[in-house]
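Undergrad: How does the following fold in three dimensions:
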Amino acid sequence: MPDENIDMAENIDDIIANFELLDDWDDRYRYLIELGRNLETLDADAHTEANKVRGCASQVWLQTNINRELGSPVLNFKGDSDAHIVRGLVYLILQVYSGRNASEILDTDVRDLFDRLGLDAHLTPQRSNGVRAMVERIKSDARDAATSAKSD
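TA: Numbering: from 1, shown residues only. Modelled structure (predicted):
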């Protein structure tokens, strides 16, 4: 498990370094679209109302899998969107949160990453709302997993 967190941190650092190399926002958007192509494929049967994220202008689906074998629940996410740039945002968010235990998810704020990448200043209000909706959905799933672990 710790190795996954190290890999995730290195991947985030690589993404930040790559963003910093790109001065033009058109290039940064293209890179974001490229990142979205790295999303693990979400099965068509996972494109359900239950997995749909409310509050996004584009269609976004998040599938949550919870591993309870290590005591503290570890949440793994898959995601998809019908919009290329949003798929890139989903990819970034999943790099931060997927593979972490519920308490880590609840203690992690993705806004720092988005600020470091300059995305906060360059996302439309609808996309910013969608990012908040995705993060809230992930944190809600983490809260539910943590609560159910305490009651077991």
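
Undergrad: now this protein, which segments are flagged as low pLDDT?
TA: Low-confidence regions of the chain, defined here as pLDDT under 70, cover residues 1-10, 151-152.

Undergrad: can you map out the helices along it?
TA: Taking DSSP state H as the test, the helices found in the chain are 2-21, 25-36, 84-97, 102-107, 111-117, 125-151.

Undergrad: between these, which gets nearest to residue 62?
TA: Shortest distance between residue 62 and those, using CB to CB, is found for helix 125-151: 5.7 Å. C-beta: built from backbone N, CA, C; applies to glycine.

Undergrad: Mind checking the helices of the chain for the one nearest to residue 59?
TA: Counting by CB to CB, residue 59 lies closest to helix 84-97 out of the helices of the chain; the figure is 8.6 Å.

Undergrad: Which neighbouring elements make contact with that closest one?
TA: Helix 84-97 sits against helix 2-21, helix 25-36, strand 60-67, strand 74-81, helix 111-117, helix 125-151, with contacts defined as 3 or more CB pairs under 8 Å, 6 or more residues apart in numbering; DSSP states H and E.

Undergrad: list the contacts for the spatially most central residue of the chain?
TA: Residue closest to the mean C-alpha point of the chain, counted by CA atoms, centre = their mean, is residue 93 at 2.1 Å. By CB atoms under 8 Å, 6 or more residues apart in numbering, the residues touching residue 93 are 79, 110, 131, 134, 135, 138.

Undergrad: could you redo the last one with a cut-off of 10 Å?
TA: Each residue near residue 93 by CB atoms under 10 Å, 6 or more residues apart in numbering is listed here: 60, 62, 77, 79, 110, 113, 114, 131, 134, 135, 137, 138.

Undergrad: do residue 129 as well
TA: For residue 129, the residues meeting the contact criterion (CB under 10 Å, 6+ apart) are 55, 56, 57, 123.

Undergrad: just residue 56 next, same as before
TA: Under the criterion of CB under 10 Å, 6+ apart, the contact list for residue 56 reads 81-83, 86, 89-90, 126-127, 129-134, 137.
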